[in-house]
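**Q** From the sequence below, what's the structure:
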Amino acid sequence: MGNYNISRNLEASLIDYIKSVLTGSWTDVSVEKTFNQISKVALPGIFLRVSDTIHETVEIGGTATKRFPLVLIDLFCKSDGQRLDLKDFLVSKLKSGCPYYQYVITNGVITSKTANGRIRVTSIQDTPINFTTDKSELEVSDRYRHLLTLNISLGKIEA
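**A** Okay, the predicted model is just below:
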């Protein structure tokens with residue numbers, strides 16, 4: 001039995017939250033960690049990963065820090081309209097934050113999760129991915145891409 005550490009708990013918490021808010025509003029949308037899975041899923045797909053993280057010290061001379069992760073959410077859609085609708089839907093749901101869970105893993109499978117705070121979204125950057133190549137020459141998965149970049153915080157001090 002093991003536990004995820006903070007970065008993996010963040011990813012799993014955000015993936016669980018996105019899956020839950022899609023239910024009832026969107027059907028057949030895959031939500032996965034990292035986008036190297038894009039060739040294995042049907043579009044549309046949402047792929048999430050924790051990227052760069054800033055650890056700011058909370059007092060001079062101390063080692064305690066506050067963590068400020070950057071979360072990248074890639075959207076791969078079937079059309080430009082779907083891309084715009086899905087990104088606006090996600091922004092509307094993510095800007096208020098979501099529950100943060102700590103996960104317990106047994107034999108590589110999540111066996112339980114315990115709520116332990118809230119993920120606060122401090123900013124969202126909303127960027128269409130436009131390649132210099134004509135869309136008709138791109139793979140279908142690259143034609144209608146979008147990137148949401150979230151700055152987040154748990155608001156906790158880490159020893």
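**Q** Tell me the helix or strand right after the lengthiest helix in the chain.
**A** The single longest helix within the chain, with elements called by DSSP state H, is helix 6-22. Scanning forward in sequence from helix 6-22 by DSSP states H and E, the next helix or strand is strand 30-33.
**Q** Which positions within that following strand qualify as buried?
**A** 30-32 (16 or more other Cβ atoms under 10 Å). Where you see a C-beta, it was placed from the backbone N, CA and C, and this is true even at glycine.
**Q** quick one: which of those residues is nearest Arg118?
**A** Checking these against Arg118 with Cβ to Cβ, the nearest one is Val31 at 19.8 Å.
**Q** So what sits opposite that closest one in the bridge?
**A** Per DSSP bridges, the residues bridged to Val31 are Ile46.
**Q** Now do the contacts for it.
**A** For Val31, the contacting residues are 15, 18-19, 22, 45-48, by Cβ atoms under 8 Å, 6 or more residues apart in numbering.
**Q** Adding pLDDT and distance to Gly155, write the residues you listed out as JSON lines.
**A** Shown next, in JSON lines, are these (pLDDT from 0 to 100; distance: Cβ to Cβ, whole Å):
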{"residue": "Ile15", "pLDDT": "97", "distance to Gly155": "21"}
{"residue": "Ile18", "pLDDT": "98", "distance to Gly155": "21"}
{"residue": "Lys19", "pLDDT": "97", "distance to Gly155": "24"}
{"residue": "Leu22", "pLDDT": "97", "distance to Gly155": "26"}
{"residue": "Gly45", "pLDDT": "94", "distance to Gly155": "30"}
{"residue": "Ile46", "pLDDT": "95", "distance to Gly155": "25"}
{"residue": "Phe47", "pLDDT": "95", "distance to Gly155": "26"}
{"residue": "Leu48", "pLDDT": "96", "distance to Gly155": "20"}
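**Q** Give me the buried entries from those residues.
**A** Buried by 16+ other Cβ under 10 Å: 15, 18, 22, 45-48, out of these.
**Q** which one of those residues is nearest Gly97?
**A** Set against Gly97, the nearest of those by Cβ to Cβ is Ile18 (12.6 Å).
**Q** Fine by me, we can end here.
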